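Visitor: Here is a sequence with its predicted model. Questions after.
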Amino acid sequence: MTHIIDMTGRQFGRLTVIERAGRRPNGNATWRCQCTCGNTCVVDGHRLRVGETTSCGCLQREQSRRNLLANPATRKRMGDYHLLAKKWHPTTTELRSSNQSGITGVSFDKRRQKWIAHLYYKGRYVLNESFEDKADAIAARQAAERKYLA
């Protein structure tokens, strides 16, 4: 049986150990810690001792922010939402190379033997229906595009 090292009160980077929180499935003890930013978090004791975890995540957020602000190319494009929208939300009307139906957002479900029309808009499916006929699926997709993408 392993001996648990009491780390209460010890500081590791920005984290101060408050109390023992339990045990991980791998057997490691977990500890509730208070970060200098005010957040509390539960951390694996091994990660604390070897220096893998030194904050609640605030350190990484701060460093990422510093890196972004220090990058001239990023600073030049800040505030231009058109670039962000194009990069992270590609137009759903563009045909992918793996498309088998020839129509974006329309696919054939072999298991159910039906045509499926999809449209994903603002983080959710606004169209996800099955049809017996390919033409009906295409019409549904086009109607959804007119409604949401126009």
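Guide: Structure's in. What do you need?
Visitor: Where does pLDDT dip in this protein?
Guide: Where the chain drops to pLDDT under 70, the residues are 1-2, 81-94.
Visitor: Identify the single longest helix in it, thanks.
Guide: helix 134-149 (DSSP state H).
Visitor: So which other helices or strands are in contact with that helix?
Guide: Judged by 3 or more Cβ pairs under 8 Å, 6 or more residues apart in numbering; DSSP states H and E, helix 134-149 is in contact with strand 106-109, strand 114-121, strand 124-131. C-beta coordinates here come from the backbone N, C-alpha and C atoms, glycine included.
Visitor: Can you say which of those is nearest to T40?
Guide: strand 124-131 (32.6 Å; Cβ to Cβ).
Visitor: Would you mind listing the buried residues in stretch 46-65?
Guide: Neighbour-count burial for stretch 46-65 flags H46, L48, T53, T54, S55, C56, L59 (criterion: 16 or more other Cβ atoms under 10 Å).
Visitor: Just give the nearest non-adjacent residue to the fifth one, would you?
Guide: Right, the one you point to is S55. R14 (4.1 Å; Cβ to Cβ, 6 or more residues apart in numbering).
Visitor: on that earlier part again, looking at the buried residues of stretch 46-65, spot the one nearest T8.
Guide: Once Cβ to Cβ is applied, the member of the buried residues of stretch 46-65 that ends up nearest T8 is L48, at 11.8 Å.
Visitor: tally of neighbours for the residue nearest to V106 when sequence neighbours are not counted?
Guide: Among residues not flanking V106 along the chain, A137 sits closest, at 4.9 Å (Cβ to Cβ, 6+ apart). Counted with other Cβ atoms under 10 Å, the neighbours of A137 add up to 25.
Visitor: List the contacts of A137.
Guide: I103, V106, W115, I116, A117, E129, S130, F131 (Cβ atoms under 8 Å, 6 or more residues apart in numbering).
Visitor: Thanks a lot, catch you later.
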